[in-house]
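> whatever this is, show me its structure:
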Amino acid sequence: MPVREALAFDMYGTLVDTSAIKEQLAAFFPEQAAQLAQTWRQHQLEFSFRVTLMGQYKDFASVTRKALDYTLDASKLSLTPRQKDSLMAHYNALVPHADVKPGLERLQSAGFPMVIFSNGAPSMLHDLLDHSGLRPYFQDIISADEIKVYKPTPKLYQHAAQRLNRPLSETRLISANPFDVTGALNAGIRAALVNRSNLPLDPLGATPDVIVKTLTELADALTRA
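Numbering: from 1, shown residues only. The predicted model follows:
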């Protein structure tokens, strides 16, 4: 069997469906749940970018909670602390996309080393792996918390390659987030875009050599290569 490149999987949006939190939001705000879920995710990412640019660090659980608070305030809505705690608990139990387990099965069988590589705090990632049933597919977790910077900072991708004990050329990010793919390519590692939503390519970055819609298509593409 050929030596396989190491695959570093993003978690949020790539493996688990962040939009699924709308189901829990609907218990409080049935007519606004989908928009609130989208806005919460947007501010979660924005806040992670901003703290990194300011040379600060707050763990991803804190960033996610602050993004929820801001989303509610901006929408002139309110929840009790206990209700917010419930939403945060559900965020740590998001469901995987339907294609994820079949794709991971095939990649694992083909001999690819696979790890989680995420902005998520370790406690969040462990909870997600346990609730989703995805833990058996991954050999390790690499969190931004280890070096206190968020994607798409170049040194975080380089850190992932070092943790995998692989050269940059044998390390590949797998992500459904175009900014993440751009960050990986900019840092010198390979990347595959899982473009489930048919998003346009990031105009600020290079085009990845692998673009697929599902993890089963990813398994086809990487095993052929």
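
> could you chop this protein up by domain?
With automatic domain parsing as the criterion, the domains of the chain are listed as 6-16+94-224, 18-91.

> okay, how far is it across the longest one, tip to tip?
In this case it means domain 6-16+94-224. End-to-end distance of domain 6-16+94-224 (CA to CA, to the nearest Å): 16 Å.

> check stretch 208-216 too.
End-to-end distance for stretch 208-216, by CA to CA: 18 Å.

> longest helix in the protein, please.
Taking DSSP state H as the criterion, the chain has its longest helix at helix 33-53.

> can you pull out the low-pLDDT segments for this protein?
Applying pLDDT under 70 to the chain flags the ranges 1-2.

> the protein: strands as residue ranges?
Assigned by DSSP state E, the chain shows strands spanning 6-9, 114-118, 141-143, 171-175, 190-194, 210-212.

> re the thing from before, ok, and for the longest helix of the chain, which residues are buried?
33, 36-37, 39-41, 43-45, 47-48, 51-52 (16 or more other CB atoms under 10 Å). C-betas here are computed from N, CA, C, even on glycine.

> same check, this time on stretch 9-25
By neighbour count on 16+ other CB under 10 Å, the buried set for stretch 9-25 is 9-18, 20-22, 24-25.

> closest to residue 169 among the buried residues of helix 33-53?
Taking CB to CB as the measure, residue 169 sits nearest to residue 52 out of the buried residues of helix 33-53, at 25.8 Å.

> give me every residue that touches the nearest residue to the closest one once chain neighbours are set aside.
The shortest distance from residue 52 to any non-neighbouring residue, by CB to CB, 6 or more residues apart in numbering, is to residue 150 (4.7 Å). Counting by CB atoms under 8 Å, 6 or more residues apart in numbering, residue 150 touches 48, 49, 51, 52, 60, 119, 144, 156.

> what segments of the chain are helices?
For the chain, helices defined by DSSP H occupy the ranges 22-25, 33-53, 60-74, 81-91, 100-109, 122-132, 154-164, 178-187, 215-224.

> just give me the neighbour total for residue 131.
When neighbours are defined as other CB atoms under 10 Å, residue 131 has 17 of them.

> and it, what does it touch?
So residue 131 contacts 92, 93, 94 (CB under 8 Å, 6+ apart).

> narrow those to just the buried residues.
Neighbour-count burial within these applies to 92, 94; the criterion is 16+ other CB under 10 Å.

> could you redo the contacts of residue 131 as JSON lines and give each row distance to residue 125?
JSON lines is the format used below for the contacts of residue 131 (distance: CB to CB, whole Å):
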{"residue": "92", "distance to residue 125": "9"}
{"residue": "93", "distance to residue 125": "12"}
{"residue": "94", "distance to residue 125": "11"}
